[in-house]
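Student: what's the 3D shape of this:
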Amino acid sequence: MVALTGGRESRCHGCMSNTPVIEVERLNLTYGDFHAVKDLSFEVRRGELYALLGTNGAGKTSTLETIEGHRRPTSGAVRVFGRSPQDRRAVRPRMGVMLQESGFSPDLTVRESVGLVGRLSRRTDDVDRLLDLVDLTDRAGRKVSQLSGGEKRRLDFATAVYGTPELIFLDEPTTGLDIQSRDAVWETVDRVRENGATIVLTTHYLEEAQQRADRIGLMHQGTFHREGTVSELTRTLPAVIRFSLPAPAPSLPLQAVVDADGKVMVETFALQEDLHLLLRWAQEHSVELRGLEAGATRLDDVFRAISS
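Tutor: Model (predicted):
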């Protein structure tokens, strides 16, 4: 079967603009002799879903902590809504953060937890609206300790979007969830995006970033290895065509690697053209291309290439 991968359609329904919500200019962060972030510069535009991904120790967490106002840069500039993130009175009420671990008190109910975090955010909202948004209305009176893992993540999301913040950070929002719970979280994210929220995502599930991000920044050793749309990133590596040939077989029309078992791999930057050439050759020579697979490079291939 031939599987060709394509791009994603923006879920923001035209709300994206070129106005940057986040501006990072030549950011440097050092811890003693360790240079965690090195001259990092990027922007996040209003209304987009920007995925910040990185290898272990790439400096991603330090960068996000600086943008969120928890850490001061060693040098460089960071602006959120045109202000320093250290200006918490101006910036923090416009920002929602979903951490990997919430730290909710297990003895509080779901309703009490949302209300408490909401008051701390200095935003106003209707708790019932939020519980309906994340499908926790029937769990409102249940203690946090009684929730499933998926329900706790939806509760985390509810507190992050309390008061409809303009900028939302989602830190590994679906880690540890089953497929059904992951789908439920993303359905909720889509509903929030429809209202124009800007999303910054970190995730180890690269397929989520590939399917949903408008742009992606790939960090390695403190700076960007690559940045762009999924299409731009995947075009940096060749697409791959794989199949097996019967023996004997006529000479292939393309440069390829063929192993001892007759398995063939063709790498190409012209997938459609070369695939058409290969299929025409196979038809003309009555050759069966067994197990034919063809597809553009995936984001995980680009990610692996960072440290190779």
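Student: hey, let's count contacts and neighbours off CA atoms from now on
Tutor: Fine.
Student: kindly confirm my reading that Glu43 is in a strand.
Tutor: Yes - remark: Glu43 belongs to a strand, assigned using DSSP: H, G, I helix; E, B strand; the rest coil.
Student: distance of it from Tyr50?
Tutor: Glu43 is 9 Å from Tyr50, where distance means CA to CA, to the nearest Å.
Student: repeat that for Leu278.
Tutor: Distance check for Leu278 against Tyr50: by CA to CA, it reads 38 Å.
Student: more neighbours: the two, which one.
Tutor: Neighbour count, other CA atoms under 10 Å: between Leu278 and Tyr50, Tyr50 has more, with 24 against 17.
Student: what helix or strand is the closest residue in space to Phe243 that isn't next to it in sequence located in?
Tutor: Closest residue to Phe243 apart from its sequence neighbours, by CA to CA, 6 or more residues apart in numbering: Leu292 at 4.4 Å. Assessed by DSSP states H and E, Leu292 sits inside strand 290-295.
Student: what's the answer for Trp281, then?
Tutor: Judged by DSSP H and E, Trp281 forms part of helix 271-284.
Student: and that helix, what does it pack onto?
Tutor: The contact analysis (3 or more CA pairs under 8 Å, 6 or more residues apart in numbering; DSSP states H and E) places helix 271-284 against strand 239-244, strand 290-295.
Student: want to throw those into JSON lines with mean pLDDT and distance to Gln255?
Tutor: What follows is the helices and strands packed on helix 271-284, written out as JSON lines (pLDDT from 0 to 100; distance: least, CA to CA, whole Å):
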{"stretch": "strand 239-244", "mean pLDDT": "94", "distance to Gln255": "11"}
{"stretch": "strand 290-295", "mean pLDDT": "93", "distance to Gln255": "15"}
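Student: mind listing the helices for this structure?
Tutor: 60-67, 88-91, 110-121, 127-133, 149-160, 179-193, 206-212, 230-234, 271-284, 299-306 (DSSP state H).
Student: quick one, grab the pLDDT at Val264.
Tutor: On pLDDT, Val264 comes in at 96.
Student: what pLDDT does the model give the closest residue to Thr124 other than its chain neighbours?
Tutor: With CA to CA, 6+ apart as the criterion, Thr124 has its nearest non-adjacent residue at 5.1 Å, and that residue is Gly163. pLDDT, Gly163: 88.
Student: next up, phi/psi of Gly163, please.
Tutor: phi 80, psi 20 (degrees, to the nearest 10).
Student: convert the C-alpha atoms of stretch 72-79 to PDB, please.
Tutor: C-alpha atoms of stretch 72-79 as PDB (Å, rounded to 0.1, in the frame of the first residue of the first chain):
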ATOM      1  CA  ARG A  72      15.700  35.700  34.600                       C
ATOM      2  CA  PRO A  73      17.800  35.600  31.400                       C
ATOM      3  CA  THR A  74      21.600  35.800  31.800                       C
ATOM      4  CA  SER A  75      21.500  38.000  28.700                       C
ATOM      5  CA  GLY A  76      19.200  38.800  25.800                       C
ATOM      6  CA  ALA A  77      15.500  39.900  25.800                       C
ATOM      7  CA  VAL A  78      12.200  38.100  26.300                       C
ATOM      8  CA  ARG A  79       8.900  39.900  25.800                       C
END
